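# sequence and predicted structure, then a few things I'm wondering about:
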Amino acid sequence: MRIVEGFRIKEAVKELFIRLNYSPDSLKDLVFTDPSMEHFERKLAEIIEENRKKAKTEMRPLCQDCGVAQLFVKIGKNVTFSDAPSLEILINKVVEEAYAEGLLRKSTVADPFERKNEGKNLPAFIHYELCDGDTFEIYGIAKGGGSENVSAQKMLVPAVGREGVADFVFETLKNAGGKGCPPYFIGVGVGGTFDSVAALAKKALLEQVCEDNELLEMIDEKIKDLGFGVLGFPGKCPVKAVYVKKAPTHIAMMPAAVALNCHSYRSGRVEL
């Protein structure tokens, strides 16, 4: 049995969520300008790149919406941890500290109707994946309300196939327009169940993988007809990247989910 000390988990998660808001690994080598852009769209893309550089050098958050904290924890059956009765308690405590010490805006309200903000940005939304061995990986994403609001989920019938999923992705993007601050990073989940497919789409965003190249080609082809670009203004580059994950599902179902992320794509990973 391998024991991971609680203080190591706390240090790693705190550093991860502060880094996500100032200089995330997911934007490290990306360039938002594109040769196909005309003058106005290129100018907007240059402003986004300037914002990213200033966030890193001046320690200012990439976006005023510092998002909710979401974590996908992959933990091996031979791993345990110290310093807390549960991993959830440990993570929530350190997320609260990260948002306080990083001077990050707290956006979570305690009740969806009363809308009271307790100033803690809690709870962190945590998904667990158990596996063999002594793996301990944490993927984190700071997801803002704008792009989350224009994400979508749908129960499709199997007969629509890949074409139907690609149409759903296009429909979601068309409805989103500039409301979610494109260029978008897109996570597509297909399969599983109603409650699991949205998490699958988020995992696609975090892991930055494509498990179906044929579907990806169909989506890329449809994106050309969206009719908007950076920040929703006229242009040719509304999407920066598309990722796809699949899962087994029922013979009569084809759940699909589209997780849109704005140009402030804040995700990262730590391994302990």
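Thanks, I have the structure now. Numbers count the residues shown, from 1 in each chain.
# and the gap between residue 129 and residue 139?
10 Å (C-beta to C-beta, to the nearest Å). (Glycine included, C-beta is placed from N, CA and C.)
# and what of residue 76?
Counting by C-beta to C-beta, the separation of residue 76 from residue 139 is 15 Å.
# neighbour count for these two, which is higher?
residue 139 (22 against 15; other C-beta atoms under 10 Å).
# and for residue 129 and residue 139, which residues touch both?
Common contact partners of residue 129 and residue 139 (C-beta atoms under 8 Å, 6 or more residues apart in numbering): 72, 73, 74.
# quick one: the helices in the stretch 101-250 of the chain?
All helices of the stretch 101-250 of the chain, identified by DSSP state H, counting those that start in this stretch, fall at 145-149, 161-176, 197-207, 213-223.
# CA atoms of the second one as CSV?
Below are the C-alpha coordinates for helix 161-176, written out as CSV (Å, rounded to 0.1, in the frame of the first residue of the first chain):
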residue,chain,number,x,y,z
GLY,A,161,-25.0,7.8,-36.2
ARG,A,162,-21.9,10.0,-36.4
GLU,A,163,-23.7,12.5,-38.7
GLY,A,164,-26.4,13.1,-36.0
VAL,A,165,-23.8,13.7,-33.3
ALA,A,166,-21.9,16.1,-35.6
ASP,A,167,-25.2,17.9,-36.4
PHE,A,168,-25.8,18.2,-32.6
VAL,A,169,-22.3,19.7,-32.1
PHE,A,170,-23.0,22.2,-34.9
GLU,A,171,-26.4,23.1,-33.5
THR,A,172,-24.9,23.7,-30.0
LEU,A,173,-22.2,26.0,-31.5
LYS,A,174,-24.7,27.9,-33.6
ASN,A,175,-26.9,28.5,-30.6
ALA,A,176,-23.9,29.6,-28.5
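# for that helix, packing partners?
Helices and strands touching helix 161-176, as assessed by 3 or more C-beta pairs under 8 Å, 6 or more residues apart in numbering; DSSP states H and E, comprise strand 152-156, strand 184-192, helix 213-223, strand 254-261.
# redo that, cut-off 10 Å
Applying 3 or more C-beta pairs under 10 Å, 6 or more residues apart in numbering; DSSP states H and E, one finds that helix 161-176 contacts helix 145-149, strand 152-156, strand 184-192, helix 213-223, strand 239-249, strand 254-261.
# the last one pairs with which strands, and in what direction?
In the sheet containing strand 254-261, its partner strands are strand 152-156 (antiparallel), strand 184-192 (antiparallel), by DSSP bridges.
# what comes up buried for the shortest one?
Translated: strand 152-156. By 16 or more other C-beta atoms under 10 Å, the buried positions in strand 152-156 come out as 152, 153, 154, 156.
# residue 254 is in contact with the third one, correct?
Yes - using C-beta atoms under 10 Å, residue 154 is in contact with residue 254, at 9.2 Å.
# now do the shared contacts for those two.
Common contacts of residue 154 and residue 254 (C-beta atoms under 10 Å, 6 or more residues apart in numbering): 164, 165, 168, 197.
# the host helix or strand of residue 42 packs against which elements?
Assigned by DSSP states H and E, residue 42 belongs to helix 39-58. Under the contact criterion of 3+ C-beta pairs under 10 Å, 6+ apart, helix 39-58 touches helix 6-22.
# helices or strands next to the helix it packs on in the packing?
Judged by 3+ C-beta pairs under 10 Å, 6+ apart, helix 6-22 is in contact with helix 39-58, strand 68-76, strand 79-81, helix 87-101, strand 136-143, strand 267-271.
# per-residue pLDDT of residue 180, please?
Residue 180 is assigned 97 on the pLDDT scale.
# correct me, but it touches residue 152?
No - the pair residue 180 / residue 152 is not scored as a contact, 11.0 Å apart, by C-beta under 10 Å.
# what residues are up against residue 138?
Residue 138 neighbours (C-beta under 10 Å, 6+ apart): 9, 12-13, 16, 71-75, 87, 91, 126, 268-272.
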